[in-house]
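Enquirer: please work out how this folds:
(chains A and B)
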Amino acid sequence: DTAVSQTPKYLVTQMGNDKSIKCEQNLGHDTMYWYKQDSKKFLKIMFSYNNKELIINETVPNRFSPKSPDKAHLNLHINSLELGDSAVYFCASSQDPEGAWRGYTFGSGTRLTVV
Amino acid sequence: TQLLEQSPQFLSIQEGENLTVYCNSSSVFSSLQWYRQEPGEGPVLLVTVVTGGEVKKLKRLTFQFGDARKDSSLHITAAQPGDTGLYLCAGAGGSSNTGKLIFGQGTTLQVKP
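Expert: Okay, the predicted model is just below:
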C-alpha cells in the first residue's frame, strides 16, 4: 500500500525522558512535514524537509530535533520530555513544496503522553 | 500572520438534515483544502479548491471557494451517521511557497441516527 506510516502509534513516557518518532513515505514525494495536534484538535506545523533539507522550522523548543536521512524518511527526536509535549504528532508529505496546494497525505499519528 | 477561522466548532444534527461549515480568513490563499479526520487516524484530503468562485461536488458534499479566495464553505446534504467526524479546512500559499498549510480549528460533526 502507498502511504505515510509512522511509529509508534502510542507512546507513554515519563518527564525528562528522550524519545523518537519515525516516519516513512513510499509515495515518492520530495517534501515531508511534522505537525502537532493539541487537545483542541488544532494542527500546527513544526518542521518541513524538502529532499532532506530543512525548509520550515517554526517556533519549536530546541528539545525537538528532526532528522531526514533520505527523502522518504523524517524522524522526530524529543529530548527532556515535558508534560506540555503531550499531544498527537502527525507526519505528512506532499509532492514538493509547490505541490502542497494539491494537499497532503498524512500518517495516522503518534499519541504522545508524558506522565 | 495568516489565520483561518472555522465555524461552527461543534455541530450535532439528526440524520437527514443539511449543514454548512464555514472557513474564513482575511488572507488570500492559492488553494483551500478540506480534510476529514476520524478518531485515531490522520486527516484525509476530501477536496482542493483553487479558483475563486469554484464549486466542487463530492456525492452529498459541496465545496465552494470564495471569489476573493479568502473563504470557503462545505455543505452536506442529507447527512448520514457515516459523515460523523472532524472536518478541517486548510489554506496553502500566501507569502512564501514553503508548502506550509494553515489549518482552521476544525468542526466536530456528530450525525445521530
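
Enquirer: buried stuff in stretch B:101-113?
Expert: By neighbour count with 16 or more other CB atoms under 10 Å in any protein chain shown, stretch B:101-113 contains the buried residues B:Leu101, B:Ile102, B:Phe103, B:Gly104, B:Gln105, B:Gly106, B:Thr107, B:Thr108, B:Leu109, B:Val111. (Glycine included, C-beta is placed from N, CA and C.)

Enquirer: so which of those are also by chain A?
Expert: Counting by CB under 8 Å from any CB of the partner chain, B:Leu101, B:Phe103, B:Gln105, B:Gly106, B:Thr108 from these sit close to chain A.

Enquirer: in helices only, show me those residues.
Expert: In helices, judged by DSSP state H, none of those are found.

Enquirer: save those residues as JSON lines, and put in distance to A:Leu54 and pLDDT too.
Expert: Formatted as JSON lines, those follow (distance: CB to CB, whole Å; pLDDT from 0 to 100):
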{"residue": "B:Leu101", "distance to A:Leu54": "17", "pLDDT": "91"}
{"residue": "B:Phe103", "distance to A:Leu54": "21", "pLDDT": "94"}
{"residue": "B:Gln105", "distance to A:Leu54": "27", "pLDDT": "95"}
{"residue": "B:Gly106", "distance to A:Leu54": "28", "pLDDT": "96"}
{"residue": "B:Thr108", "distance to A:Leu54": "34", "pLDDT": "97"}
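
Enquirer: contacts only, for the residue nearest the centre of chain A.
Expert: Using CA atoms, centre = their mean, the residue of chain A that lies closest to the mean C-alpha position is A:Trp34, 2.9 Å off. With contacts defined as CB atoms under 8 Å, 6 or more residues apart in numbering or on different chains, the neighbours of A:Trp34 are A:Cys23, A:Ile45, A:Met46, A:Phe47, A:Ser48, A:Pro66, A:Leu74, A:Leu76, A:Tyr89, A:Phe90, A:Cys91.

Enquirer: pull the CA atoms of the helix or strand where the second one lies into PDB?
Expert: Element membership for A:Ile45 (DSSP states H and E) is strand A:43-50. Once side chains and other backbone atoms are set aside, the C-alpha atoms of strand A:43-50 remain, and they are given as PDB (Å, rounded to 0.1, in the frame of the first residue of the first chain):
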ATOM      1  CA  LEU A  43      -3.000  21.300  13.800                       C
ATOM      2  CA  LYS A  44       0.200  23.400  13.800                       C
ATOM      3  CA  ILE A  45       3.300  22.900  11.700                       C
ATOM      4  CA  MET A  46       6.600  22.200  13.400                       C
ATOM      5  CA  PHE A  47       9.100  21.300  10.700                       C
ATOM      6  CA  SER A  48       9.300  20.600   7.000                       C
ATOM      7  CA  TYR A  49      12.000  19.000   4.900                       C
ATOM      8  CA  ASN A  50      12.400  19.100   1.100                       C
END
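
Enquirer: hmm, A:Phe106 is touching B:Arg36, no?
Expert: No: taking CB atoms under 8 Å as the definition, A:Phe106 is not a contact partner of B:Arg36, at 11.1 Å.
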